[in-house]
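>>> structure, please.
(one chain, ligands or ions: 2)
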Amino acid sequence: MEQLTLAPIAKVSGEVNVPGSKSLSNRALLLAALAEGETELTNLLDSDDISHMLNALTKLGIRYTLNEDKTRCKVTGNGGAFSVADPLELFLGNAGTAMRPLCAALAASEVDCVLTGEPRMEERPIGDLVDGLREADADISYLKNDGFPPLKIKGKTLKGGEMSVDGSVSSQFLTAMLMAAPLFSGDVTIRIKGELVSKPYIDITLDTMAKFGVSVNNDNYQTFTIAGDAKYVAPGKFMVEGDASSASYFLAAGAIKGGTVRVTGIGKNSIQGDIRFADVLEAMGAKVVWHEEYVEVTGAPLKGVNMDMNHIPDAAMTIATTALFAEGPTTMTNIYNWRVKETDRLHAMATELKKLGARVEEGHDYITVWPTDSLAHAAIDTYNDHRIAMCFSLVALSDTPVTINDPGCTRKTFPDYFTRFATLYSE
Ligand SMILES: O=C(O)C1=C[C@@H](OP(=O)(O)O)[C@@H](O)[C@H](O)C1
Ligand SMILES: C=C(OP(=O)(O)O)C(=O)O
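Residues are numbered from 1 along each chain as shown. Ligands and ions are numbered 1, 2, ... in the order given. I've put the predicted structure just below:
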């Protein structure tokens, strides 16, 4: 197994750009495929999660051209649902933003297909989405375990009307139903059951749908209505914002050991909820400057916080390692669904933080991290979870080196993360 050891970093400063947003890239690719007309996507993310979506679109007969560095993509839309005569098998890795939205769009298309993924994908729940789609008469069956991929889908035109979806495990289920709704016949009304988690991701979905010409009536995140005549129309150009979750590692580095770190590619008007990560750093004591084109953080003594982090589930992981550098404990609450992502992140973060000698309390849906005077040099297991690799790189901002096992796992969303991180301390 490959390992990367980072020597202690005395100070970080400078400017770093983040690649395109995973959430926006995969949403925009799917909607461009379903739209009437041609869309030119720019600043597309080039990473595993996006490759899985692109490969699926190829098999679904969508024509697109990619430039050499795969950040610019011209998609010729299908002008409606997919239609493929032969049975298909689509491998979607561990990309939630491919598996869930494609499941719904394919259930509403003329296809006969199987959706598979990596072993971990077979442990990530999808039952609430399948139940919701079955209310619209979708024909989806489980090939192994009930409630989990792989799935067999016999697509057809789904009927509109009233349906519901449980939003308490993943917002991606609602996102998937919303994005597929214009393919259904007639008006669609989706009611939320349970407490909707990761709510800001729904704003990304609604904003992207609006850019492709479909408006959704959102009644307080409880009921969503899409008109029967709604159709996706290519916007011509679609610029993907930089990834706000990817920005969190650099912003945190600035807060811990800045100097000033300026992250470009995102800015104060970002549609991504994870941009609110900077507010947490501010609450911890860092100085934050907001601009249209960048966010800038300057380090200061940090103090621990106690916060509900349900709205920023991905970036919140970065706080777990930032907390090592604060005065007093940090508690992050309402993060149960960390357990159903790339790995059981609550348990994995607690386990790896403890290897550094930190005191950690792992609850069912919360974690508390206490700072320690001296951290131990440890080899951090990353569980094939890109965010664990990136979060733990921040440990090198202490007096102790850190070894990251399988650093290449960042390829899911940020293939050259360690190279870009190095520009903040090697210049
Ligand atoms: O819709 C999206 O793009 C995402 C939603 C979130 O998942 P949950 O809604 O499952 O929390 C997030 O963790 C994931 O990385 C991306
Ligand atoms: C949870 C994540 O991914 P996915 O889109 O596969 O759910 C993530 O990127 O942190």
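
>>> burial count for Asn187?
To be clear, residue 187 is Asp; Asn isn't right here. Counted with other C-beta atoms under 10 Å, the burial measure for Asp187 works out to 15 neighbours. All C-beta spots, glycine's among them, are computed from the backbone N, C-alpha and C.

>>> does it count as helix, strand or coil?
strand (DSSP: H, G, I helix; E, B strand; the rest coil).

>>> quick one: contacts for the closest residue to it other than its chain neighbours?
Setting aside the residues directly before and after it, Asp187 is nearest to Gly228 in space (C-beta to C-beta, 6 or more residues apart in numbering), at 4.6 Å. By C-beta atoms under 8 Å, 6 or more residues apart in numbering, Gly228 lies in contact with 160, 185-188.

>>> any idea how far Ser185 lies from ligand 2?
For Ser185, the distance to ligand 2 equals 29 Å [C-beta to the nearest ligand atom, to the nearest Å].

>>> against Ser23, how distant is that residue?
Distance, Ser185 to Ser23, by C-beta to C-beta, to the nearest Å: 28 Å.

>>> please see if stretch 383-398 touches ligand 2.
Yes: contact of stretch 383-398 with ligand 2 is found when judged by C-beta under 6 Å from any ligand atom, involving Arg387.

>>> first to last residue in that stretch, what's the distance?
Counting by C-alpha to C-alpha, to the nearest Å, you get 23 Å between the two ends of stretch 383-398.

>>> run the chain-centre distance for it.
Centroid separation for stretch 383-398 versus its chain: 17 Å, with C-alpha atoms, centre = their mean, to the nearest Å.

>>> what's the mean pLDDT across the helix or strand Ser23 falls within?
Applying DSSP states H and E as the criterion places Ser23 in helix 22-34. In this model, helix 22-34 has a mean pLDDT of 99.

>>> of Ser185 and Ser23, who's got more company?
Taking neighbours as other C-beta under 10 Å, Ser185 and Ser23 compare with Ser23 leading, 30 against 13.

>>> hang on, the more buried one packs against Ile204?
Yes: Ser23 is within contact range of Ile204, at 5.3 Å (criterion: C-beta atoms under 8 Å).

>>> now the common contact residues for those two.
With C-beta under 8 Å, 6+ apart as the test, Ser23 and Ile204 both reach Gln272.

>>> sec struct for Phe421, please.
Phe421, by the three-state scheme (three-state DSSP), is helix.

>>> give me the number of residues near the residue lying closest to it once chain neighbours are set aside?
Nearest residue to Phe421, sequence neighbours excluded (C-beta to C-beta, 6+ apart): Ser393, at 5.9 Å. The local packing of Ser393 (other C-beta under 10 Å) involves 25 other residues.

>>> compute the distance between Ser393 and Ala376, please.
The gap separating Ser393 from Ala376 is 16 Å, by C-beta to C-beta.

>>> three-state assignment of Ser51?
Of the three states, Ser51 takes helix under three-state DSSP.

>>> begin at 13 from now on, thanks
OK, 13 is where the count begins now, so the last one is Ser63.

>>> that one - how many residues pack around it?
16.

>>> return the distance of the residue lying closest to it once chain neighbours are set aside relative to ligand 1.
Distances taken as C-beta to C-beta, 6+ apart place Gly105 nearest to Ser63, at 7.9 Å, with adjacent residues excluded. Using C-beta to the nearest ligand atom, one gets 13 Å for the distance from Gly105 to ligand 1.

>>> ok, now Leu42?
Using C-beta to the nearest ligand atom, Leu42 is found at 11 Å from ligand 1.

>>> three-state assignment of the nearest residue to that residue once chain neighbours are set aside?
Nearest residue to Leu42 in three dimensions, chain neighbours excluded: Pro113, at 5.5 Å (C-beta to C-beta, 6+ apart). Under three-state DSSP, Pro113 falls in the helix class.

>>> tell me who's in contact with Pro113.
So, once contact is read as C-beta under 8 Å, 6+ apart, Pro113 ends up touching 38-39, 42, 184, 187-188, 191-192.

>>> and what of Met402?
Met402 neighbours (C-beta under 8 Å, 6+ apart): 258, 261, 330, 422, 426, 429.

>>> isn't there a strand covering it?
No: with three-state DSSP as the criterion, Met402 is located in helix rather than a strand.

>>> check what pLDDT it gets.
The per-residue pLDDT reported for Met402 equals 98.

>>> repeat for Glu439
Predicted confidence (pLDDT) for Glu439: 58.

>>> go ahead and confirm Asn281 touches Glu304.
Yes: when contacts are counted by C-beta under 8 Å, Asn281 is listed as touching Glu304 (6.3 Å).

>>> backbone phi and psi for the residue in the chain that ligand 2 sits nearest to, please?
Using C-beta to the nearest ligand atom, the single residue of the chain nearest to ligand 2 is Gly108, 2.6 Å away. Listed backbone geometry of Gly108 is phi -60, psi -40, with angles given as degrees, to the nearest 10.

>>> which ones are touching Gly285?
210-213, 215-216, 256, 323-324.

>>> one more: Tyr378?
So Tyr378 contacts 343-347 (C-beta under 8 Å, 6+ apart).

>>> among those, who's most crowded?
The residue in the contacts of Tyr378 with the most neighbours, by other C-beta under 10 Å, is Met344 (28 neighbours).

>>> that one sits in which helix or strand?
strand 342-345.

>>> parallel or antiparallel, which strands does that strand pair with?
Strand 342-345 has the following sheet partners, assigned by DSSP bridges: strand 318-320 (parallel), strand 378-382 (antiparallel).

>>> what's the most buried one of those strands?
strand 378-382 (a mean of 21; mean count of other C-beta atoms under 10 Å).

>>> what's whichever helix or strand comes after it in contact with?
Toward the C-terminus, strand 378-382 is succeeded by strand 391-392 as the next helix or strand (DSSP H and E). Residues from elsewhere that reach strand 391-392, judged by C-beta under 8 Å, 6+ apart: 15, 364, 367, 400-401, 404, 407, 414-417.
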